[in-house]
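**Q** Dropping a prediction and its sequence here:
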Amino acid sequence: MIVFFGVVLGAVFGYGAFNSDARGDSTVAALIGAYILIMLLLVACLLVPSTIMGRSRATFRRKLQSDAQFRALVEEDLLTWRDPVGNASYGPL
């Protein structure tokens, strides 16, 4: 998805840079800077959170296996936890 947005924005900014040759180098530099800034924001807002969320369950389970006190706290929470919406099993596990 980020690659798609990058290609689309690159095409739009490339068209703008191509048509701004008569305006000077500062316009082209501003377009390149804006493109880089937007791509960094896309990575920070889309790629980083999705990577963290994708790895969170494995990290949580690894923490459960390695830390006995944490596991005891989770098992204690499991006894009183009720699904607020439906009839799902314990959330983190």
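**A** Arrived safely.

**Q** in the strand or helix carrying Val8, what counts as buried?
**A** If you go by DSSP states H and E, Val8 is part of helix 2-19. The neighbour-count check on helix 2-19 (16 or more other CB atoms under 10 Å) flags Phe13, Ala17 as buried. From N, CA and C alone the C-beta is placed, and that goes for glycine too.

**Q** Let me see the residues that make contact with it.
**A** If you take CB atoms under 8 Å, 6 or more residues apart in numbering as the criterion, helix 2-19 is touched by Thr27, Val28, Leu31, Ile32, Ala34, Tyr35, Ile38, Met39, Leu42, Val43, Leu46, Leu47.

**Q** and if you look at stretch 77-93?
**A** Around stretch 77-93, the neighbours that count as contacts under CB under 8 Å, 6+ apart are Arg57, Phe60, Arg61, Val74.
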